[in-house]
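Novice: got a predicted structure plus its sequence, pasted below:
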Amino acid sequence: MTRLQAKGFTLIELVIVIVISGILAGIITSFITQPVQGFIDLSRRATLVYSAESAMRRMQRDIRRALPNSIRVNAAGTAIEMINTVEGARYRDAPPPGNPNNRLVFNALDTDFDVLGNLNSLGVTGLRLSIYNIGNVDLAGVPIAGENAYAGNNLDGTNVVSPASTAITITNSGNEDHINIGGGFQFSFESPNNRVYLVDSGISYICSGGQLLRYSNYDFTNTNQPVPPAGAGVVSALMADNIGNCIFTYDPGSPSRSGLMTLDLSVTDAATGETVRLLHQVHVDNAP
């Protein structure tokens, strides 16, 4: 009679297999953990950098579009203000053929003049004109009327920016566009390069409470350094969150050297406390 012999694992063999499997799993885990953790760290840093870089790119565009000599930074370096330029042109300082009155004069109120070429702002309302804003301030840091677009209320003697209440109308006149100034306006100084700028509103970037906020669509008549604008129509937008540190510095340059705006932002991850610092510099052409 044949006896069947049972086959299987002994307890010792099973324990050996478990131990070997544990050792192999530990070795494999050590190789996998570092790359996975590295990917997680990289993703977190990329998210932090992207939020700050996106804000910096928008700030750079606004700074480069700003009216010459209109950029200013508060004493703490946490806020920037500027006047937004829609577009620019060259005004006629000599009479055009057949239209002797279509030149801009500076010794009296002028109601209309021609600009060379064509503008893109036909039919746009709410625009203001600015000529030769040199941005001077007195010893106390107060903008000087007639030399700084922020001076006074732009109604009685600044003569750098036309008042918000003055209607600016642009019409096409063939190779030259014609600008009408409702009620007339007299600018203080001629631009050496005959430059005239069309501006619309102030723009501010303010770091507060761990956020970077952008404000627009407000009047720029405040002679103080940037504070959160208030009033009907003001538009605010969150540009970046989790801001750990925010420092803006500005060198206005000179007639022979461009200005330089330095943007220094630090973004902190709330979960890990890790901070990423971004530094960006923007050259500013302040030739009015």
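Specialist: That came through fine.
Novice: look at the most centrally placed residue in the chain and give its secondary structure.
Specialist: Against the mean C-alpha coordinate of the chain, by C-alpha atoms, centre = their mean, the closest residue is Met59 at 2.3 Å. Three-state assignment for Met59 (DSSP: H, G, I helix; E, B strand; the rest coil): helix.
Novice: shouldn't it be in contact with Ile80?
Specialist: Yes: using C-beta atoms under 8 Å, Met59 is in contact with Ile80, at 7.4 Å. Quick note: C-beta positions are derived from backbone N, CA and C, even for glycine.
Novice: which residues touch the residue nearest to the centre of the chain?
Specialist: Listed by C-beta atoms under 8 Å, 6 or more residues apart in numbering, the contact set of Met59 reads 80, 205, 239, 263, 282.
Novice: how close does it get to Leu278?
Specialist: According to C-beta to C-beta, to the nearest Å, Met59 stands 11 Å off from Leu278.
Novice: now for these two: what residues contact both?
Specialist: Listed as contacting both Met59 and Leu278 by C-beta under 8 Å, 6+ apart are Leu263.
Novice: isn't Ser258 right up against Gln281?
Specialist: No: contact criterion C-beta under 8 Å: Ser258 and Gln281 do not qualify, at 10.9 Å.
Novice: mutual contacts of Met59 and Ile80, please.
Specialist: Shared contacts of Met59 and Ile80 (C-beta under 8 Å, 6+ apart): Tyr205.
Novice: which one among the contacts of Met59 gets closest to Leu24?
Specialist: Here the nearest of the contacts of Met59 to Leu24, counting by C-beta to C-beta, is Met239; it sits at 50.3 Å.
Novice: where does that closest one land in three-state SS?
Specialist: Assigned state for Met239: strand (three-state reduction, three-state DSSP).
Novice: and the gap between the closest residue to it other than its chain neighbours and Ser208?
Specialist: Using C-beta to C-beta, 6 or more residues apart in numbering and skipping the chain neighbours, the partner closest in space to Met239 is Ala55 (4.0 Å). Using C-beta to C-beta, Ala55 is found at 14 Å from Ser208.
Novice: compare these two (neighbour count), which wins?
Specialist: Set Ala55 next to Ser208 and count neighbours by other C-beta atoms under 10 Å: Ala55 wins out with 23 against 12.
Novice: wasn't Gly22 part of a strand?
Specialist: No: going by three-state DSSP, the assignment for Gly22 is helix, not a strand.
Novice: what's the burial count for it?
Specialist: Gly22 - counted by other C-beta under 10 Å - has 10 other residues nearby.
Novice: for the nearest residue to Ala79 once chain neighbours are set aside, which three-state class applies?
Specialist: Of all residues not flanking Ala79 in the chain, Pro226 sits nearest, at 3.9 Å (C-beta to C-beta, 6+ apart). Of the three states, Pro226 takes coil under three-state DSSP.
Novice: distance of Pro226 from Asn148?
Specialist: When Pro226 is compared with Asn148 (using C-beta to C-beta), they lie 15 Å apart.
Novice: hang on, the residue nearest to Met239 in a helix?
Specialist: Yes: applying three-state DSSP, one finds Ala55 inside a helix.
Novice: for it, what are its contacts?
Specialist: 212, 239-240, 265.
Novice: same question, Gln281
Specialist: Residues near Gln281 by C-beta under 8 Å, 6+ apart: 260-263.
Novice: dump these into JSON lines; add pLDDT and distance to Ser130 as well.
Specialist: Shown next, in JSON lines, are those (pLDDT from 0 to 100; distance: C-beta to C-beta, whole Å):
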{"residue": "Leu260", "pLDDT": "94", "distance to Ser130": "22"}
{"residue": "Met261", "pLDDT": "95", "distance to Ser130": "20"}
{"residue": "Thr262", "pLDDT": "95", "distance to Ser130": "25"}
{"residue": "Leu263", "pLDDT": "95", "distance to Ser130": "25"}
